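Q: just coords:
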């Protein structure tokens, strides 16, 4: 069953260098995501990953095309969609003067939910930080707290925008474990990343985006079979990073 | 009506603002220090220091000098020419009256010399008039003639009014303007820059909930801070509020609402923290001078007065002053209340029109 159905989604912005012209940050993409799937959107900087997510989250207006989430049209009923999704954004700053429990209660209120702070913090491994301020958290702890905030409404779908960017390997592995656990509990997870290992390890299916378009979409294994160049000697097989570079080229992005 | 979500959010914002102890203290420090500076300046007019050089040293000159000394307007020092001239230069004396050697008031007109330092004295004409008036009354006393007229000054509103009474409403208005602009515009820009607004707007919160709760929380903060200053002025300076506290606080809330709305406009106009500072300063600074905070608008050049009258801070200062000094009620629809209502409607309209949510969220 498809929980997310996206068809010809498009978003254009004025060009930074010439405001009269526009360019398509997201250029008519279509994809479906099944319930309980972990779906990764992979792409270089400026590929349109975040813009795609933000349109699905109701943060950005959709120029054309449709996006249905759990059968609800995002364009028509953004507030109904917001109620059933959980979102972790790239920037994860919060009001400095509130501690974690106060922030979680605040987010709960925004969904009219009474929440159990301790239970949520336990889920993300921060049970000893109930009275800590966000500033006192490390990078990995901050990301895990962001996920705790995204879970206050017990969402059907969790959107994670580059969840492991800037984390050390331990924190990264720890977060992957958390994502897998949430998925096992039945949550559909949509994440963006430019970490190949992450996409390969976590995702059931991957869409590779570049220049606002989806240029390939499949399971990690199929993508490797299709696009990774046959290595002449060991290791016998390429990995997703090879797939990525083959498809998007080696040119440096901003 | 206010929903439970808005109430909860207001409480959260209030908590956030109250925990910012540093800004709470700094915000009331300046007005308190300013008012305290007026604690020691009394309501009585200050006397003018003048020196008298008596070159005649006869009975005539002694009588004359004694009568001048009796005038409460002057603080008279008698001395030698060298001494007094030094004091004049150092600013201790404002003027020196030189009594000539040949001084004798029983014989014709006597010419007195008035020495002053023109570079230090701005109001030469006023001093001259004051001294001339004083000489006239001395003359009457010496020649035993009754004055034809006497002038008794009486405040037609029949209450003592000191500068601090005049200043307090202006200062409160200026304070609430700064607090409100800082509390809406600056906050919005800061929350947007840090991505906090974006995070809030992926939840089902509606813009009106967010705005309402910030407005409510900020009003509380402004009321708390203004009450501290007001309490200080009433208890320690004996400032009297003629109107009811209900009217005064009603006026404060309405005025806070105006500047909060304008602050939201600035917050959506200015995209960065660097841009909002000059934008807000260019709005507040001219008003500090033009809106009658420190001196009445009527003392401004005629050309500027009609414009100055309509500035938002002017109508607020007027409104607060008419409640505090004249005891007008909030429900009296005079020109200042009318001005406040117009600005409240205008600023609310501007805020809802120019506050673009998707952009504000970044």
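A: Structure received. As the structure is a computational prediction, the values presented were derived from the model and not from experiment.
Q: and residue A:130, how far is that from residue B:33?
A: To residue B:33, residue A:130 is 41 Å away according to C-beta to C-beta, to the nearest Å. Where C-beta positions appear, they are placed from N, C-alpha and C, glycine not excepted.
Q: quick one, which of the two is more surrounded?
A: residue A:130 (14 against 9; other C-beta atoms under 10 Å in any protein chain shown).
Q: surely that one meets residue A:102?
A: No - contact between residue A:130 and residue A:102 fails when scored by C-beta atoms under 8 Å: they sit 9.8 Å apart.
Q: so, low pLDDT: which residues of the chain?
A: Assuming you mean chain A. A:230-237, A:250, A:252-254 (pLDDT under 70).
Q: that's the other chain; I wanted chain B
A: Using pLDDT under 70, the flagged stretches of chain B are B:39-46, B:120-123, B:153-161, B:333, B:356-362.
Q: now do the contacts for the residue in it that chain A sits nearest to.
A: Chain A sits closest to residue B:195 of chain B, with a gap of 3.0 Å, by C-beta to the nearest C-beta. By C-beta atoms under 8 Å, 6 or more residues apart in numbering or on different chains, residue B:195 lies in contact with A:89, A:90, A:91, A:92, A:93, B:362.
Q: from these, which would you call buried?
A: A:89, A:90, A:92, A:93, B:362 (16 or more other C-beta atoms under 10 Å in any protein chain shown).
Q: what ranges do the strands span in the stretch 251-362 of chain B?
A: Counting by DSSP state E, counting those that start in this stretch, the stretch 251-362 of chain B has no strands at all.
Q: what helices or strands is the longest helix seen in chain A leaning on?
A: Scanning chain A for the longest helix, with DSSP state H as the assignment, gives helix A:169-184. Packing partners of helix A:169-184 (3 or more C-beta pairs under 8 Å, 6 or more residues apart in numbering or on different chains; DSSP states H and E): helix A:139-150, strand A:188-193, helix A:196-202.
Q: of all these, which one is nearest residue B:164?
A: helix A:139-150 (50.2 Å; C-beta to C-beta).
Q: and the closest one, what does it pack onto?
A: Using 3+ C-beta pairs under 8 Å, 6+ apart: helix A:139-150 touches strand A:85-88, helix A:100-110, helix A:117-123, strand A:157-161, helix A:169-184.
Q: which of those sits most buried?
A: strand A:85-88 (a mean of 26; mean count of other C-beta atoms under 10 Å in any protein chain shown).
Q: just the residues contacting that strand, thanks.
A: So strand A:85-88 is in contact with A:56-57, A:69, A:143, A:146-147, A:149-153, A:155-161, A:163, B:199, B:202, going by C-beta under 8 Å, 6+ apart.
Q: about what we covered before: now the contacts of residue B:195 in a markdown table, with distance to residue B:172?
A: Shown next, in a markdown table, are those (distance: C-beta to C-beta, whole Å):
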| residue | distance to residue B:172 |
| --- | --- |
| A:89 | 41 |
| A:90 | 43 |
| A:91 | 38 |
| A:92 | 40 |
| A:93 | 34 |
| B:362 | 35 |
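Q: which positions in the stretch 201-350 of chain B make contact with chain A?
A: Neighbours of chain A within the stretch 201-350 of chain B, by C-beta under 8 Å from any C-beta of the partner chain: B:201, B:202, B:203, B:204, B:205, B:206.
Q: wait, isn't the second one in contact with residue A:56?
A: No - applying C-beta under 8 Å as the test, residue B:202 and residue A:56 come out as separate, 10.3 Å apart.
Q: domains of chain B?
A: B:4-40+B:160-361, B:48-143 (automatic domain parsing).
Q: please identify the most buried of those.
A: Here the criterion is mean neighbour count by mean count of other C-beta under 10 Å, and of the domains of chain B the winner is domain B:4-40+B:160-361, at a mean of 18.
Q: make sure residue B:220 is indeed in a helix.
A: Yes - under DSSP: H, G, I helix; E, B strand; the rest coil, residue B:220 falls within a helix.
Q: list the contacts for the closest residue to it other than its chain neighbours?
A: Distance criterion C-beta to C-beta, 6 or more residues apart in numbering or on different chains; nearest residue to residue B:220, sequence neighbours excluded, is residue B:14 at 5.5 Å. The contact partners of residue B:14, by C-beta under 8 Å, 6+ apart, come to B:217, B:220, B:221.
Q: so where does the spatially closest residue to the last one that is not a sequence neighbour fall, helix or strand?
A: Nearest residue to residue B:221, sequence neighbours excluded (C-beta to C-beta, 6+ apart): residue B:17, at 4.9 Å. Take DSSP states H and E as the rule and residue B:17 turns out to sit in helix B:4-19.
Q: next helix or strand past that helix?
A: helix B:21-36.
Q: now do whichever helix or strand comes after that following helix: distance to the chain's middle.
A: Next helix or strand after helix B:21-36 toward the C-terminus (DSSP H and E): strand B:48-54. When distances are taken as C-alpha atoms, centre = their mean, to the nearest Å, strand B:48-54 is centred 34 Å away from the chain's centroid.
Q: what is strand B:48-54 packed up against?
A: helix B:59-70, strand B:74-78, helix B:81-90, strand B:95-99, helix B:124-143.
Q: want to try a markdown table for those, with distance to chain A as columns?
A: A markdown table is the format used below for those (distance: least, C-beta to the nearest C-beta, whole Å):
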| stretch | distance to chain A |
| --- | --- |
| helix B:59-70 | 64 |
| strand B:74-78 | 56 |
| helix B:81-90 | 54 |
| strand B:95-99 | 60 |
| helix B:124-143 | 55 |
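Q: dump the residue contacts of the nearest residue to residue B:319 once chain neighbours are set aside.
A: Distance criterion C-beta to C-beta, 6+ apart; nearest residue to residue B:319, sequence neighbours excluded, is residue B:336 at 4.4 Å. Neighbouring residues of residue B:336 by C-beta under 8 Å, 6+ apart: B:315, B:318, B:319, B:321, B:322, B:328.
Q: can you tell me which of the residues you listed is nearest residue A:228?
A: residue B:315 (72.0 Å).
Q: is residue A:28 located within a helix, as I assumed?
A: No - read with three-state DSSP, residue A:28 is strand and lies in no helix.
Q: run a quick neighbour tally on it.
A: Neighbour tally, residue A:28, other C-beta under 10 Å: 16.
Q: just the element for the nearest residue in space to residue B:13 that is not next to it in sequence, please.
A: Among residues not flanking residue B:13 along the chain, residue B:217 sits closest, at 3.5 Å (C-beta to C-beta, 6+ apart). Per DSSP H and E, residue B:217 falls inside helix B:207-237.
Q: that helix - contacts with which helices or strands?
A: helix B:4-19, helix B:21-36, helix B:163-181, helix B:245-269.
Q: out of those helices, which gets nearest to residue A:229?
A: helix B:245-269 (51.2 Å).
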